[in-house]
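Participant: Based on what follows, work out the 3D shape:
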Amino acid sequence: CQLSDDIYDYTYVSQGKTKVESIDDNEEMEYTEDAFNVLGFGDQEKFDCYQLTAAVMTFGEVKYAQKGRDEQAECPDVHSGTWAWKAAKLCGVDVSAMIKAFCKPRIKVGTEWVTKGQNIEQATAATG
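Facilitator: Numbers count the residues shown, from 1 in each chain. Just a heads-up that it's a prediction; the model follows:
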């Protein structure tokens, strides 16, 4: 699932306590698997759920930069192996199209579609 073994690589899930002595992660994982089975999830559906969770964790690491003197956000790192690339791969979408949707979303104004430029804060908020 493109994940690192280091929980601190993921801001969204490492801001509080990462280890609680009274909780056994392996046991909790088994409970999750059992719950999926009770609900009738197939192997592919379970994998898709885990992959979506990995994508959400990865989105927290996608960083934007200011494009030139404009307030326009851009994501300069979209090549293979970057956080943006991993997030797109986990979601099954093209990385360039995904970043364009976050940095320059198309919105409907009246009867027309226009492209709205996002600043870094707005693009970051759109990401997660």
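
Participant: Please make it C-alpha for all contacts and neighbour counts, starting now.
Facilitator: Fine.

Participant: give me phi/psi at Trp113?
Facilitator: phi -100, psi 130 (degrees, to the nearest 10).

Participant: Check whether it really touches Ile107, as I assumed.
Facilitator: Yes. Between Trp113 and Ile107 there is a contact under CA atoms under 8 Å: 5.5 Å.

Participant: what about the helices in the protein?
Facilitator: 25-38, 43-59, 83-91, 95-103, 120-127 (DSSP state H).

Participant: any idea which of these is most buried?
Facilitator: Comparing these by mean neighbour count (mean count of other CA atoms under 10 Å), helix 83-91 comes out on top with a mean of 22.

Participant: Run the angle between it and helix 95-103 for me.
Facilitator: Relative orientation of helix 83-91 versus helix 95-103 (axes from the mean of the first three to the mean of the last three CA atoms, to 10 degrees): 110 degrees.

Participant: I'd like to know which elements helix 83-91 is packed against.
Facilitator: Counting contacts by 3 or more CA pairs under 8 Å, 6 or more residues apart in numbering; DSSP states H and E, helix 83-91 packs against helix 43-59, helix 95-103.

Participant: that older thread, which stretch among the helices of the chain comes nearest Asp70?
Facilitator: Asp70 lies closest, by CA to CA, to one member of those: helix 120-127, at 10.7 Å.

Participant: ok now do the residue nearest the centre of the chain, which residues does it touch?
Facilitator: By CA atoms, centre = their mean, the chain has its centre lying nearest to Phe59, at 2.7 Å. Applying CA atoms under 8 Å, 6 or more residues apart in numbering to Phe59 gives the contacts Trp83, Ala84, Ala87, Thr127, Gly128.

Participant: rerun that using 10 Å as the cut-off
Facilitator: Residues counted as contacts of Phe59 (CA atoms under 10 Å, 6 or more residues apart in numbering) are Tyr10, Thr11, Tyr12, Trp83, Ala84, Trp85, Lys86, Ala87, Ala88, Thr124, Thr127, Gly128.
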